[in-house]
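Student: pasted the sequence and its predicted model underneath.
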Amino acid sequence: MQNLKNKYETDQCSILVIDADNENNIYNKPRTIPCYARYVYPTVGFDGWLYNCSQSSAPNFRSTALGDLNKSDFWDLFYGYETKNFEDFSFKCNAEISRSGCRCDRKEHIVNNSVIESKIFKV
């Protein structure tokens, strides 16, 4: 790694080497639950459905999808959760995400860990 850094780093372009997997304890970790990244990275799948994120935007993750955009408005689907009972909604959603085999990528692990560590929500 140091050889590549030395080869390409210049005064105009510094290189910062980050090991996100080890720094965030996410190496080979399938997902970080509870999932808050779904509120940051919603994704429209090629099938016209709204999914939690790019990692879940495939028909085999349909059970976790937010809904069919051919039948409902993006914002109605995106905000289609009960704010008065958010903990119960979150619990059900996270159980379905776990059952589906959904996997986080690095940015989603980092967002989820950051929100969990902030303790803004009861987990």
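Tutor: Happy to help now that I have it.
Student: any buried residues in stretch 20-29, and which?
Tutor: For stretch 20-29, the neighbour count (16 or more other CB atoms under 10 Å) marks N24, I26 as buried. From N, CA and C alone the C-beta is placed, and that goes for glycine too.
Student: tell me the average confidence for it?
Tutor: For stretch 20-29, mean pLDDT rounds to 89.
Student: contacts for it?
Tutor: T32, C104, R106, H109, I110, N113 (CB atoms under 8 Å, 6 or more residues apart in numbering).
Student: closest one of the residues you listed to I18?
Tutor: Nearest to I18 out of the contacts of stretch 20-29 is R106 (CB to CB; 9.9 Å).
Student: for L66, state which of the contacts of stretch 20-29 is nearest.
Tutor: Among the contacts of stretch 20-29, C104 lies closest to L66 (CB to CB), at 16.9 Å.
Student: the nearest residue to that closest one once chain neighbours are set aside: neighbouring residues, count only.
Tutor: Leaving aside its sequence neighbours, C104 sits nearest to R31 (CB to CB, 6 or more residues apart in numbering; 4.7 Å). Number of residues near R31 (other CB atoms under 10 Å) recorded here: 22.
Student: am I right that R31 is in a strand?
Tutor: No: judged by DSSP: H, G, I helix; E, B strand; the rest coil, R31 forms no part of a strand; its state is coil.
Student: my guess is it meets S98, correct?
Tutor: Yes: at 7.1 Å, R31 and S98 qualify as touching, with contact defined as CB atoms under 8 Å.
Student: need the residues touching each of the two.
Tutor: Shared contacts of R31 and S98 (CB under 8 Å, 6+ apart): none.
Student: how about F86: what's its closest non-neighbour residue?
Tutor: F121 (7.7 Å).
Student: again with F74
Tutor: Per CB to CB, 6+ apart, closest to F74 is L50, 6.4 Å.
Student: give me the beta-bridge partners of the one you found?
Tutor: Beta-bridge partners of L50, counted by DSSP bridges, are V44, G67.
Student: was I right about it contacting T43?
Tutor: Yes: between L50 and T43 a contact is recorded at 7.5 Å, counting by CB under 8 Å.
Student: so those two - more neighbours on which side?
Tutor: Neighbour count, other CB under 10 Å: between L50 and T43, L50 has more, with 21 against 17.
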